[in-house]
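**Q** Sequence first, predicted coordinates after that:
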2 protein chains.
Amino acid sequence: MRPTPALRPSSVSRVLRPRRVYHRYVSQQVNRSIAQLLQWKPAEKVDDVVVNGFIRSVRSLKAHQFVSLGDGSSLAPLQALVRAESAEGLAVGAAVRLTGSWVSSPGADQSHELHVSKVEVLGPSDAKTFPIQKKYQTPEYLRTLPHLRPRTPVNAVLLRLRSEVIASLTQFFAGRSFTQTHPPIITSSDCEGAGEVFTVTPANSAPDTADKGGSQELFFRSKKYLTVSTQLHLEALAQAVGNVWTLSPVFRAERSDTSRHLSEFYMLEAEMSFVDDLGPVMDLAEDMLRSLSTSLVESTTFEQLLFRSRHSGSDLAPAGEVRRRWEGLMERDWPRITYTDAVALLQQRAHLFTHKLTWGAGLQSEHEKYLASHVGNGQKPVFVTNYPRDIKAFYMRETQTNASQEHGPTVDCFDLLVPEYCEIAGGSMRENRLGPLLDAMKRHGIIKPPPAGAPDETTGGSLDWYVDLRRWGCPPHGGFGIGFDRLLSYLAGVQTVRDIVSFPRWYGRCDC
Amino acid sequence: MRPTPALRPSSVSRVLRPRRVYHRYVSQQVNRSIAQLLQWKPAEKVDDVVVNGFIRSVRSLKAHQFVSLGDGSSLAPLQALVRAESAEGLAVGAAVRLTGSWVSSPGADQSHELHVSKVEVLGPSDAKTFPIQKKYQTPEYLRTLPHLRPRTPVNAVLLRLRSEVIASLTQFFAGRSFTQTHPPIITSSDCEGAGEVFTVTPANSAPDTADKGGSQELFFRSKKYLTVSTQLHLEALAQAVGNVWTLSPVFRAERSDTSRHLSEFYMLEAEMSFVDDLGPVMDLAEDMLRSLSTSLVESTTFEQLLFRSRHSGSDLAPAGEVRRRWEGLMERDWPRITYTDAVALLQQRAHLFTHKLTWGAGLQSEHEKYLASHVGNGQKPVFVTNYPRDIKAFYMRETQTNASQEHGPTVDCFDLLVPEYCEIAGGSMRENRLGPLLDAMKRHGIIKPPPAGAPDETTGGSLDWYVDLRRWGCPPHGGFGIGFDRLLSYLAGVQTVRDIVSFPRWYGRCDC
């Protein structure tokens, strides 16, 4: 360490009226994105236009180099013409700042191109080793490079879709006075009673306690998990402010290797207090998805989602299919049928299916696909409601009316099915009465029966607090959850959820 | 399971044109929140007004009961008058739906009150055992009941503040074409090289592998952690779409027991590509906080944050102080001084401080407090920039100009200090050149030197991917992070971050 300098007499006044090392940033020229530039079609040549971006390709032609430049704002690149003598360092992948004249280029792909007078290579690239060349790359290959994958034009569109969807949802819920909340990620319990959870342990616990699995006891006093759903905590918050929602990461330690499962994903969950039945909950889910699609269908992002080039592989659904999905979400009055009616319909068409279906069993994917394609006229999403109690979660409210109970007890719940993709959201009324909740927890084995002869002083164990919510003013309430990354896959026509998440984690894979 | 019923001939047509079990929800009457009702001052009595809420208190008076009703939408309760014979079940904490006439009540606390004609107890309460009585409760006591705490009026205000701040920030960033992203939570590396991370392991791993600490190897192939900061991943995303931000949970397994530390908290992080120096990064942080405070200062939520009753303990900062904080954030042109200048100033005032300060050491809390209170005229936040390289993180860019390096190498970074609270945000330019980054990683011990004689084929280990970002087009870039829950505490005047988070987790505590 160098010695402290003698105090210079000037320094104090200089500090009290501080000299500014960093001036506020005043851009000499408007900094346009490439998307903005491509829309800009001045009749006269404009000089001193500055653009930042990454080089997608370079072609040599006589005394010039034709450079394609991308910056993530648009699928189409900007075309720039650079004199050969200024072209040093213009390698594929390089980050550059180009200054030049924006001139019309009749006959070319684009109405205007940049005639470059100044090249600044801000981040050089070793083009020979750059793993993302300008050609079709398989999704499997790109998944091995999650840190570079977002730099492909299609993946930049997917990033922007996610951002615009979040902003649209935020506005939707704010407009309805729903409170956006941050329920906890580390929790004491596993919402659905399933075993597929991750545990959380400090990394630097002493080896002797870690070996005994005791280190988490030391840090949080008892075993803790990553949340599998924020619903239970959302219910507590809904008791405080009425209607709440969240967009939170959730975690499942499932050893499954499918196009629909990740170990870490975002879940959008909403909870409404003081609703008497499932009607308003389904209305909310329906209105939310309709508002979302309606607000974004005019966007450039939607337009770019539909673009298919010779580089587009089968990893994207056909453009017509993507458009139909959005149109379906924008339709009004989505059909709502009960599980019981759905089963009756499916049984009549039994010859179409591989699996025999009896009342009380879950719907197979082929059944859901049929319902999604036929009940909603092949376009509208379909709510299937009132599933058998015994195949659903403990917290769902048992159906009170006799209508749908002819075959056995059902619960006030729904699955929302969309054509081609099937289940995209699920929701229910929650059991808000203390006694029936405790009964359901016993039935599901969450609460163990007391030893013979012992008094039945039932508590909810690690869910004691959740049971508590029923002790002091629990109004009828319900809500739904929607796998956010699945929703984005559906909206984007991306075939696997692994390709809609920037850094996907699933069984055996967690890169970067 | 009951037998499958014979198919009724009517069922198919009924399903294809589905009977609606759940009709769309058409409310007979506008469902007003209590906040809306309290603003509603009709000259004439209005009948059939319906309001949902939780009973805060009940007072008996002759043939009537006076009920205070809250629903989380306002600090002030609604006053309702219920005839004694209808008052059964009106216990503190109960969830009720009251229908009645909205009539003016001259002389009372409020301009109008509800004369109730119909009482529905939707969620009964055992008032005797209800842990949240209408009186002052210490923050320590309420923290033992995180599932019920949000039901106190002040905590409902804090929930709404969080929601409104998120919505305002979402709008701010959308307006500047920043892409909102979801960087991963489970990561391969520990951003700052510190040891305070949590590891993630499947709960249902076989005992023999768990004992050997090998279960995470089986699930993700190598050891995985909960993220301590999303910055490194954000940098990858900023290379794709230019400017990005996120509001993500981050985790620290710190064994600290202070009013500023949690094991799980939200962090707002932003990253800008193609910025040449720290100026625009500080501008962004400043503009963001100014936009936030300006957009919410007229809200009812802000007004309610300032409310202090005889129930308000010292757990809330004085209202005048909270107002000064917001006014400070709304000021323009926050001062920016270098660490070197700050040290010179503090050394001249050395008699004021307990700790002796030499150039190269970190600022103590007393020093930050002095700077925050004096450099910004006691009101404006203050940026302190260009700290010594050796006390800052490996990824920060070394200062290129000679100006601030008279005592030793510094980095292009800033801490943002606010009066009374000190550091609230920190940011830096990131080292975007491959060689200097590798040098810094060696200096910080993240990369181990090769054995003597072996070739120096340095890679970044689990940060290989981060080093990779510098190989193919890494423009100058920088960003900042702000502890979101600390920011909310500051805005709300809440003295500890444990009371701004609904379900706080810290060393030894993780309830619900």
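**A** Yep, that arrived.
**Q** And the strands in the stretch 1-150 of chain A?
**A** A:46-61, A:64-70, A:78-83, A:95-104, A:112-123 (DSSP state E, counting those that start in this stretch).
**Q** how about those strands in JSON lines, adding mean neighbour count, mean pLDDT and distance to chain B?
**A** Every C-beta, even on glycine, is put in place using the N, C-alpha and C of the backbone. Below are the strands of the stretch 1-150 of chain A laid out as JSON lines (neighbours: other Cβ atoms under 10 Å in any protein chain shown; pLDDT from 0 to 100; distance: least, Cβ to the nearest Cβ, whole Å):
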{"stretch": "strand A:46-61", "mean neighbour count": "18", "mean pLDDT": "95", "distance to chain B": "4"}
{"stretch": "strand A:64-70", "mean neighbour count": "20", "mean pLDDT": "96", "distance to chain B": "10"}
{"stretch": "strand A:78-83", "mean neighbour count": "20", "mean pLDDT": "96", "distance to chain B": "14"}
{"stretch": "strand A:95-104", "mean neighbour count": "20", "mean pLDDT": "96", "distance to chain B": "4"}
{"stretch": "strand A:112-123", "mean neighbour count": "19", "mean pLDDT": "96", "distance to chain B": "4"}
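**Q** need the residues of the stretch 251-400 of chain A near chain B, please.
**A** Counting by Cβ under 8 Å from any Cβ of the partner chain, the stretch 251-400 of chain A comes close to chain B at A:251, A:253, A:255, A:263-264, A:266, A:273-275, A:277-280, A:282-283, A:333, A:335-338, A:341-345, A:347-348, A:358-360, A:374-375, A:383, A:385-386.
**Q** Please repeat the previous calculation with a cut-off of 6 Å.
**A** Residues of the stretch 251-400 of chain A found near chain B (Cβ under 6 Å from any Cβ of the partner chain) are A:253, A:264, A:266, A:274, A:278-280, A:283, A:335-338, A:341, A:344-345, A:348, A:358-360.
**Q** start to end distance for stretch A:172-179?
**A** 11 Å (Cα to Cα, to the nearest Å).
**Q** try stretch A:64-84
**A** 5 Å.
**Q** thinking in terms of the whole chain, how far from its middle is that stretch?
**A** 31 Å (Cα atoms, centre = their mean, to the nearest Å).
**Q** How about stretch A:338-355?
**A** Using Cα atoms, centre = their mean, the offset of stretch A:338-355 from its chain centre is 32 Å.
**Q** does A:L268 really touch A:R486, like I thought?
**A** No. Using Cβ atoms under 6 Å, A:L268 is not in contact with A:R486; the gap is 10.3 Å.
**Q** longest helix anywhere in chain A?
**A** helix A:153-175 (DSSP state H).
**Q** continuing past it, what's the next helix or strand?
**A** strand A:179-180 (DSSP states H and E).
**Q** Count the neighbours of A:R430 for me.
**A** 26 (other Cβ atoms under 10 Å in any protein chain shown).
**Q** so what's it closest to, chain neighbours aside?
**A** A:Y395 (5.2 Å; Cβ to Cβ, 6 or more residues apart in numbering or on different chains).
**Q** How about A:R143?
**A** Per Cβ to Cβ, 6+ apart, closest to A:R143 is A:R498, 6.1 Å.
**Q** Same question for A:L148.
**A** Per Cβ to Cβ, 6+ apart, closest to A:L148 is A:I132, 5.4 Å.
**Q** do the same with A:L316
**A** A:G493 (5.2 Å).
**Q** Surely the one you found and A:G320 touch.
**A** No. The criterion here is Cβ under 6 Å, and A:G493 misses it with A:G320 at 10.0 Å.
**Q** helices or strands up against whichever strand or helix holds A:Y370?
**A** In the assignment (DSSP H and E), A:Y370 maps to helix A:365-374. When contacts are defined as 3 or more Cβ pairs under 6 Å, 6 or more residues apart in numbering or on different chains; DSSP states H and E, helix A:365-374 sits against strand A:413-418, strand A:422-430.
**Q** And the residue nearest to A:L316, how far from A:G478?
**A** Counting by Cβ to Cβ, to the nearest Å, the gap from A:G493 to A:G478 is 31 Å.
**Q** same thing with A:P449?
**A** From A:P449 to A:G478 the distance is 29 Å (Cβ to Cβ).
**Q** hang on, the earlier thing: can the longest helix of chain A be found next to chain B?
**A** Yes. Contact of helix A:153-175 with chain B (Cβ under 6 Å from any Cβ) involves A:156, A:159-160, A:163, A:166-167, A:170, A:174.
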